[in-house]
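**Student:** Got a sequence here, can you model it:
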Amino acid sequence: MLSYAFLSRPGERDHNEDYIGMQHKGESYCFILADGLGGHGGGDEASRIVVEGIRADFARNGAVSPDYLKRCFMLGQWLLLESQKKQHRNMEMKTTLTVLLAGPGGALWGHIGDSRIYYFQDKKLKLRTLDHSVPQMLVAAGKLKEKQIRGHADRNRLLRVMGVEWEEPQYEIAQGIARGGGEAFLLCSDGFWEWVLEKQMQHALKKADTPKEWLEAMEQVVLKNGTGKHMDNYSAVAVFF
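**Tutor:** Got it, this is the predicted structure:
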């Protein structure tokens, strides 16, 4: 049994540069979230190109496997670079990317940028992806505490994104998990996790019976904390096993 829910809002911005998508092939599912960068229409186009390209490919070739997960990132990168060349917009069209593959046997995920994937087991947070950002690098170096990432002056300075030429792949692939029941996943852009703490995510999860209820509860926290503070676009995908 797998259930899911989505939300994507512009926040207090004129345009929503986040883009989310889902595709299934039999009992295999692909969930995708991207946060476009670049402005002037470039960010929203970048996120859309990558997500829709992966969705279309998964419908034909999708599998819940490490090789296919890598294919998602390599395909998205190729599609984005090709579009940049055609439009002469290589400085504008970039995006973060998170991908979760889920099937009867388990789940795999990967990311690039500062959009996150959170993994919960039996209503408790087990791990999250680590941002490819300056503040996360400072945390790794012992110069900043984890809780100081939110609100840091350099929080939006990303070290890895889709849409920049790679000498070697810049995305990260998690080890993945076997499916046993009681797993929950949250894919979200930085405009979402900036305003809701991990403890609040977990508290909302304990009270939620469905992914939709979980997202609605967290969105209330996001709006309470972020309204009137130049809120960025915020998007999230919730998945329950």
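
**Student:** what's the following helix or strand after the longest strand along the chain?
**Tutor:** The residue-count maximum for a strand in the chain (DSSP state E) belongs to strand 28-37. The helix or strand immediately downstream of strand 28-37 is helix 42-61, counting by DSSP states H and E.

**Student:** This protein: helices as residue ranges?
**Tutor:** 42-61, 66-87, 134-140, 190-193, 198-207, 211-226 (DSSP state H).

**Student:** Reformat these as TSV; add mean neighbour count, distance to residue 109 and mean pLDDT.
**Tutor:** Just so you know, the C-beta spots here come from the backbone N, C-alpha and C atoms, and that holds for glycine as well. Output for these, formatted as TSV (neighbours: other CB atoms under 10 Å; distance: least, CB to CB, whole Å; pLDDT from 0 to 100):
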stretch	mean neighbour count	distance to residue 109	mean pLDDT
helix 42-61	21	13	97
helix 66-87	17	7	97
helix 134-140	18	17	96
helix 190-193	27	15	98
helix 198-207	16	16	98
helix 211-226	18	16	98
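
**Student:** Quick one: the ones you listed as TSV, columns for distance to residue 106 too.
**Tutor:** Below are the helices of the chain laid out as TSV (distance: least, CB to CB, whole Å):
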stretch	distance to residue 106
helix 42-61	17
helix 66-87	11
helix 134-140	27
helix 190-193	24
helix 198-207	20
helix 211-226	18
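
**Student:** Any chance you could give me the longest strand of the chain in CSV, C-alpha atoms only?
**Tutor:** Listed in CSV are the C-alpha atoms of strand 28-37, where the atom choice follows Å, rounded to 0.1, in the frame of the first residue of the first chain:
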residue,chain,number,x,y,z
SER,A,28,7.0,1.2,-9.3
TYR,A,29,6.7,4.9,-8.6
CYS,A,30,8.9,7.9,-9.3
PHE,A,31,8.4,11.1,-7.2
ILE,A,32,10.3,14.2,-8.3
LEU,A,33,10.7,17.7,-6.9
ALA,A,34,12.8,20.5,-8.4
ASP,A,35,13.4,24.2,-7.3
GLY,A,36,14.4,26.3,-10.3
LEU,A,37,17.0,29.0,-10.1
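
**Student:** what packs against that strand?
**Tutor:** strand 18-25, helix 42-61, strand 94-95, strand 97-103, strand 183-188, strand 234-240 (3 or more CB pairs under 8 Å, 6 or more residues apart in numbering; DSSP states H and E).

**Student:** Throw those into CSV and include distance to residue 175, thanks.
**Tutor:** Formatted as CSV, the helices and strands packed on strand 28-37 follow (distance: least, CB to CB, whole Å):
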stretch, distance to residue 175
strand 18-25, 23
helix 42-61, 21
strand 94-95, 25
strand 97-103, 13
strand 183-188, 14
strand 234-240, 18
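
**Student:** Good, we can wrap up now.
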